[in-house]
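Q: Sequence first, predicted coordinates after that:
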Amino acid sequence: MFVMVISFVFDPIQNGVSRYMEHQADVYGMDISGVSGETAATAFDRRSAYNLSDPDPNPFIEFWFYDHPTLKKRMAFVREYW
């Protein structure tokens, strides 16, 4: 029980690190692939439709439970990156 409570408390830190690393992976993927931002955003949009994920969850839910950036944020980033 103690381990579960500690894990629950530290999940936001671990998930924040994971979101940062995923963002860095998006940057790397955009750099090496050469696809346009709109193409990448379309791919993220299609992916969200296939796995039925919420593209824009409540910020608290994202902070505590998401280990990847939200699809809305990823799509906005790739559109601005290129």
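A: Noted; the coordinates are in hand.
Q: State the next helix or strand along the chain beyond the top helix by length along the chain.
A: In the chain, ranked by residue count with DSSP state H as the criterion, the top helix is helix 2-33. Downstream of helix 2-33, the next assigned helix or strand under DSSP states H and E is helix 37-51.
Q: Show me what that following helix is in contact with.
A: Residues external to helix 37-51 that are found in contact with it (CB atoms under 8 Å, 6 or more residues apart in numbering): 29-30, 33, 53, 55, 71, 74-75, 78-82. To be clear about C-beta, it is placed using only N, CA and C from the backbone, and glycine gets the same treatment.
Q: Kindly provide the distance from Val3 to Phe10.
A: Between Val3 and Phe10 the computed distance is 11 Å (CB to CB, to the nearest Å).
Q: Please apply the same query to Val35.
A: Taken as CB to CB, the spacing of Val35 relative to Phe10 amounts to 36 Å.
Q: Out of these two, name the residue with the larger neighbour count.
A: Comparing Val35 with Phe10 by other CB atoms under 10 Å, the one with more neighbours is Val35, at 15 against 10.
Q: how much space between that one and Val3?
A: Distance, Val35 to Val3, using CB to CB: 43 Å.
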